[in-house]
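Engineer: can you look at this prediction? I've put the sequence above it.
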Amino acid sequence: MRLHSWIGVVLVAGMVSACGTQVDPNGQGHAAVSVSAMTGISAITAITIEAQPANVTRTLTYDKTTAKFSGSVMLPIGVQTLTAVAYAGTQVAGQGTTTVTIVAGQTASVFLRILDTSSPAPMPDSSPGIFALVASTTKAAVGEAVTLKASAADPNGDPLTYAWTSSCPSGTFSTTDSAETTWSSTAVGVCTLTITATAKGKSASQQVDVVVLETGSGVATVEGSYISGPRISSISASATGFNCSGFPVVSDATCSQSLAPGQHLSIAAYVVLDEAATVDGGAPVDVTLTDNCGGTTLYINQYIYTSGGGVDAKWTAPAAPAMCVVTLNVTQESMVDQRSLAIVVR
């Protein structure tokens with residue numbers, strides 16, 4: 001497991017004479033070393049500094065208050081190569097090297113990075129994957145052999161084992177523990193054949209369904225879809241001095257105004273379709289206008305396409321006063337919707 005990214009080492013080196021420490025007459029210098037971890041300092045248990053060619057080694061002391069490793073080392077004047085080694089217990093966790101020139105009467109400041117040398121955390125083991133399962137046929141006669149082949153791999157390169165199973169007790173495999181096998185059944189049925197690939201206790205499975213038929217019989221694949229009927233989403237009527245909004249604007253289908261006997265009435269509606277109309281390759285749409293009072297439908301025009309459209313019609317009220325219910329009917333493949341307007345003719 002990686003312990004940290006890197007550690008910063010600040011080293012101050014030089015002759016010390018103004019702080020009460022005497023200069024070594026043999027040309028020695030003094031290096032004060034302080035190490036601050038950038039990350040993961042709690043994992044580091046010790047840091048050593050080695051200077052070459054002086055062949056001097058010093059183990060730094062850890063200060064809990066400042067969270068730093070520090071110490072002093074006497075070095076000969078001249079160029080020295082400093083190598084810092086960080087330990088986590090007995091394991092080397094990081095290492096860094098730099099050079100410093102010890103000059104009499106001067107101070108050298110050096111920044112040394114200890115780079116993480118610990119091994120990355122091991123990757124978790126991955127499950128195998130089956131990327132292909134091929135059957136020679138998925139419709140077989142009783143007793144007919146079906147050839148099966150699976151292709152699988154393990155991301156870690158671990159060896160794979162295979163196991164084939166069948167949902168039908170009547171079915172048997174030529175072998176159950178290899179990537180390729182054959183299977184047959186002594187009875188009809190829909191059988192699910194499963195291949196399981198395993199590596200180091202982790203598994204992956206894939207299935208294929210095989211329909212087993214009696215000789216001379218077949219199988220039908222059935223698909224279906226639900227189609228909603230046509231829907232009149234709005235209807236209204238208008239004439240001189242007459243306006244009836246109708247569905248869905250009001251909840252009362254009786255128009256509040258009356259129509260004069262023999263007066264012409266314009267009716268407009270909008271139709272929504274789930275199935276396309278004939279013009280777009282769908283089913284035909286039939287629109288009619290009826291009443292219960294002897295009125296007359298002069299014409300009906302429809303502009304209905306793929307998903308719907310408009311309808312307009314002209315209707316004439318009967319010559320005598322009446323309570324008329326005028327109904328718009330929309331039919332498509334026996335599916336019907338209708339909306340009515342109740343009109344007082346007087």
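Structural biologist: Looks like it came in fine.
Engineer: middle-most residue in the protein, spatially?
Structural biologist: By C-alpha atoms, centre = their mean, the chain has its centre lying nearest to Gly129, at 18.9 Å.
Engineer: how about it, what does it touch?
Structural biologist: Listed by C-beta atoms under 8 Å, 6 or more residues apart in numbering, the contact set of Gly129 reads Ala152, Ala153, Asp154, Pro155, Ala197, Ala204. All C-beta atoms are positioned from the backbone trio N, CA, C, and that covers glycine.
Engineer: most widely separated two among those residues?
Structural biologist: Using C-beta to C-beta, the contacts of Gly129 span at most 12.1 Å, a distance reached by Pro155 and Ala197.
Engineer: who has more neighbours out of these two?
Structural biologist: Set side by side, Pro155 and Ala197 give different neighbour counts by other C-beta atoms under 10 Å, the larger being at Ala197 (23 against 12).
Engineer: which residues do Pro155 and Ala197 both contact?
Structural biologist: The contact lists of Pro155 and Ala197 share Pro128, Gly129, where a contact means C-beta under 8 Å, 6+ apart.
Engineer: next, count neighbours for Ser174.
Structural biologist: 14.
Engineer: and the residue nearest to it when sequence neighbours are not counted, bridged to which residues?
Structural biologist: Residue nearest to Ser174 in three dimensions, not counting chain neighbours: Thr182, with 4.5 Å by C-beta to C-beta, 6 or more residues apart in numbering. Judged by DSSP bridges, the bridge partners of Thr182 are Thr147.
Engineer: pLDDT below threshold where in the stretch 1-150 of the chain?
Structural biologist: 1-42, 105-110, 121 (pLDDT under 70).
Engineer: which parts of it are strands?
Structural biologist: Counting by DSSP state E, counting those that start in this stretch, residue ranges of the strands within the stretch 1-150 of the chain are 6-14, 28-37, 46-52, 56-59, 61-63, 68-76, 78-88, 91-102, 107-116, 129-135, 139-141, 146-153.
Engineer: likewise the stretch 201-346 of the chain?
Structural biologist: So, for the stretch 201-346 of the chain - with DSSP E, counting those that start in this stretch - the strands run 202-213, 231-239, 242-244, 254-259, 264-272, 286-291, 296-304, 308-316, 322-332, 335-345.
Engineer: so what strands line up beside the third one?
Structural biologist: When you say that, I think you mean strand 242-244. Strand pairing (DSSP bridges) places strand 242-244 next to strand 231-239 (antiparallel).
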